[in-house]
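Trainee: below is the sequence, then the predicted model.
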2 protein chains.
Amino acid sequence: MNAHFANRMARVKPSAIRELLRLGAQPDIISFGGGYPDPALFPLEKLAVVFQEAIVGQGRSALQYTVSTGMPRLREQLAVRMGRERIRCSADNVLILQGAQQGLDLVAKMLIDKDDTIVTENPTFLGALIAFNPYEPRYLAVRTDEEGMDVDQLEHLLKRHSRPKLLYTMPDFQNPTGVTLSLARRRRLIELANRFDLIVLEDTPYREIRFEGEPIPTLKSLDTEERVIYLGSFSKILAPGLRLGWTVASAELTQELGLLKLAADTQCSTLSMAATSLFLERFDVEAHIAVIRETYRRKKQAMLEAIRLKFPPHIRFTNPHGGMFTWLSFEQGFDTARFLAEQALPLARVAYVPGATFFPVTEEANHARFSYTLQDEAAIARGIAALGGLLAGALPAETVR
Amino acid sequence: MNAHFANRMARVKPSAIRELLRLGAQPDIISFGGGYPDPALFPLEKLAVVFQEAIVGQGRSALQYTVSTGMPRLREQLAVRMGRERIRCSADNVLILQGAQQGLDLVAKMLIDKDDTIVTENPTFLGALIAFNPYEPRYLAVRTDEEGMDVDQLEHLLKRHSRPKLLYTMPDFQNPTGVTLSLARRRRLIELANRFDLIVLEDTPYREIRFEGEPIPTLKSLDTEERVIYLGSFSKILAPGLRLGWTVASAELTQELGLLKLAADTQCSTLSMAATSLFLERFDVEAHIAVIRETYRRKKQAMLEAIRLKFPPHIRFTNPHGGMFTWLSFEQGFDTARFLAEQALPLARVAYVPGATFFPVTEEANHARFSYTLQDEAAIARGIAALGGLLAGALPAETVR
């Protein structure tokens, strides 16, 4: 074989999550690993109705090619939905994508050349790093606390470093930490983006899954210079298997991204778009989202209560107000990957995602991401209790060594 | 707005085809433009059955995430199908993609850095140029005649030019010319690929739509050094709205492409894959393809007969043995884009794709791509007759000037 792609190979890290998903799929494992929505919440009957209607009722157009930017009717519906978030836009500002993941890829493809800098939260979404890495960026990872990205450190770093092009953020119930960017910080972030001429990619797939507190305005609604690209997803409110997400951005950026979409895969599934559009027309998606919200609220409470009861008290964890994840921080020196491989999986038959891969620059071994969405409350309690038993044993030993 | 993406904008040409598709969608236009399959051939009832079964009958797994390389069962089925083409492979050599277009993007992303050289036919598929251009390659465009790429010129060019990385070819019923690469040339092409250390991307979405002559072995089946990436599509044999294609390649290349697939959009629609897999299991896809084949054979004959009868005799055109397109060559100095805009569309209400955009290096204005798949035979006869009337008037005038 030739070695043409050898250098390119190094640009793509094999995905730790993918491996873990495989492990988590083993039937006797209680997995808090993958960011899977609860399949019991998929609206099967309603999806069956709208797929049937799209296939047999739309004069075959749902199976033909459509425009690369996405089915016009669905873009109109999304523009109306975004309007409720106080984002002023029309269908021309909306681009339908193959899941939000494709937005990460296309925005990087549009903006990033080798060695360009991307600002991210520290830690940040692994899927974003996987999407960005093939373009060989550098990362500027900004400290994150319970109010999200630390904008003071952001300003300090922006002053010191050569001009980054892109700021990537997940402001609502961030993956992996579950934390939400405060309103004051959102305003500062927009000011800094204007001052330092940044494009902001606001990735917010969990936004509608808020189970406590009031929604905080989107960055896009605070955007004064059309530099925010909003990225949404149907994966968490309908089903990931549909593979539909969308961007909302200026007409200029949308046109550029639309050309890259055309180049990447022509268009999304016409049928998925037609059926999703019908779903929004025929059924009450807000009522459906309310059920998801209530279910995940209960599951989160179950997990946090179990952790409080069963884990050693020095282990810190976040209290997400929505979304799918809590982030656990163990004492310095504790290696969550090693604990997973040597104890959690073989002894407790419990999986989670070690935190190290979520750090773009300097990996920290003593964190873990736990998802509470896939398991029922009894399994959450069982899994956390099993881990707690191990941790009670493991921690002193670790500390002694 | 900032200008970060200004340089990247120049890398993506707005698509001439996209504009024409829009025009061709006007109801009174007879369009020979877009590469649209005939929607009357979509197997609606069968697709309705398998989508229904996938949604309600698969324990919700068809709506959940799956592995990024694609649903294992569908990859197994494709490996068996490829085996009938004498391509030895297993499911591990198969990667499911968002249409064949995504294969063009991911292969370029894997191999091409700025100013790397891609070898193509001259002319070549516009969608491939659109996929490749964002990576800023150079092109080496090889003369093409009725037996496909001229391998003597290919050898000559490979000897003279700095080493290209990728050879892109559509060996069966090429888009836009409709010509098929002969067996002798396929063997030479593989020899040259081995000698000059090229990766070969064999893009063959129309392969199963052959209406005369015997199938010629795929390049992949002749591949002796695992350097051919085979690229197939369900768009022309089931429906483009499903957005499903696939690659067959060495395990090493498949793994690399699979990582880029994960980075690009996580995975294809689980539901589309599940339904397509069920279609292959429940129904006789060969019988369905036989109907497509016979329908397009008749349509091609209708178009070629009409051209022979109605067009001035000096206009040359190819006789495709399969696929969707014939390629017309007018006299030097005739501009098919101008004729389209000034006469064909406004006066005859007929659309086609001017040939210039299919040339990667030096555009030639006197060709056109005609697709015969979308219109019925009466509309084909009417449209060609209307154009023929204009050409009879237009050509002497053009010649006189």
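Mentor: That came in fine, so what should we check first? Just so we're clear, the structure is a prediction, and the values are computed from it rather than from any experiment.

Trainee: so the residue of the stretch 301-401 of chain A found nearest chain B, which of the three states?
Mentor: Residue of the stretch 301-401 of chain A nearest chain B, by Cβ to the nearest Cβ: A:L374 (9.6 Å). The C-beta positions use only the backbone N, C-alpha and C, and glycine is treated the same way. Classification of A:L374 by DSSP: H, G, I helix; E, B strand; the rest coil places it in coil.

Trainee: tally of neighbours for it?
Mentor: 22 (other Cβ atoms under 10 Å in any protein chain shown).

Trainee: swap in A:Q26?
Mentor: 11.

Trainee: tell me the secondary structure for A:K261?
Mentor: helix.

Trainee: how far away is the nearest residue to it once chain neighbours are set aside from A:V107?
Mentor: Nearest non-adjacent residue to A:K261, counting by Cβ to Cβ, 6 or more residues apart in numbering or on different chains: A:S68, 5.5 Å away. Per Cβ to Cβ, to the nearest Å, A:S68 is found 16 Å from A:V107.

Trainee: which of those two has more residues huddled nearby?
Mentor: Taking neighbours as other Cβ under 10 Å, A:S68 and A:V107 compare with A:V107 leading, 28 against 23.

Trainee: quick check, that one in contact with A:E202.
Mentor: No. Using Cβ atoms under 8 Å, A:V107 is not in contact with A:E202, being 10.7 Å away.

Trainee: so what sits against both of those two?
Mentor: A:I229 (Cβ atoms under 8 Å, 6 or more residues apart in numbering or on different chains).

Trainee: ok, back up a step: just the pLDDT for the nearest residue to the residue of the stretch 301-401 of chain A closest to chain B once chain neighbours are set aside.
Mentor: Nearest non-adjacent residue to A:L374, counting by Cβ to Cβ, 6+ apart: A:Y36, 4.7 Å away. A:Y36 is assigned a pLDDT of 93 by the prediction.

Trainee: report how many residues lie close to the closest residue to A:E363 other than its chain neighbours.
Mentor: Distance criterion Cβ to Cβ, 6+ apart; nearest residue to A:E363, sequence neighbours excluded, is A:A356 at 4.1 Å. Burial measure for A:A356: 18 neighbouring residues, criterion other Cβ under 10 Å.

Trainee: again with A:K109
Mentor: Counted with other Cβ under 10 Å, A:K109 comes out at 26.

Trainee: helix or strand: which one has it?
Mentor: Under the criterion of DSSP states H and E, A:K109 resides in helix A:99-111.

Trainee: so how far is stretch A:30-50 off the chain centroid?
Mentor: 16 Å (Cα atoms, centre = their mean, to the nearest Å).

Trainee: before we move on, what about stretch A:36-54?
Mentor: 22 Å.

Trainee: next to chain B, which bits of the stretch 251-400 of chain A? Give me the list.
Mentor: A:252-253, A:256, A:259-260, A:262-272, A:274 (Cβ under 8 Å from any Cβ of the partner chain).

Trainee: er, the stretch 101-250 of chain A actually
Mentor: Residues of the stretch 101-250 of chain A lying near chain B (Cβ under 8 Å from any Cβ): A:101-102, A:105, A:109-111, A:127, A:130-131, A:133-134, A:165, A:197-199, A:225-227, A:239-243, A:250.

Trainee: now the buried members of those.
Mentor: A:101-102, A:105, A:109-111, A:127, A:130-131, A:133-134, A:165, A:197-199, A:226-227, A:239-243, A:250 (16 or more other Cβ atoms under 10 Å in any protein chain shown).

Trainee: mind checking the SS state of the residue nearest to A:L374?
Mentor: coil.

Trainee: please report how far it lies from B:A386.
Mentor: Counting by Cβ to Cβ, the gap from A:Y36 to B:A386 is 56 Å.

Trainee: for A:N133, same thing?
Mentor: 54 Å.

Trainee: what about the strands in the stretch 251-400 of chain A?
Mentor: A:316-317, A:325-329, A:350-351, A:353-354, A:367-371 (DSSP state E, counting those that start in this stretch).

Trainee: got the contact list for the strand ranked longest in chain A?
Mentor: In chain A, taking DSSP state E as the definition, the longest strand is strand A:138-145. By Cβ under 8 Å, 6+ apart, the residues outside strand A:138-145 that reach it are A:115-124, A:129, A:149-150, A:153-154, A:157, A:161, A:164, A:174, A:177, A:179, A:359-362.

Trainee: who does the helix or strand following it touch, helix- and strand-wise?
Mentor: Following strand A:138-145 in sequence order, the next helix or strand is strand A:148-149 (DSSP H and E). In this structure, strand A:148-149 packs against helix A:183-195, with contacts taken as 3 or more Cβ pairs under 8 Å, 6 or more residues apart in numbering or on different chains; DSSP states H and E.
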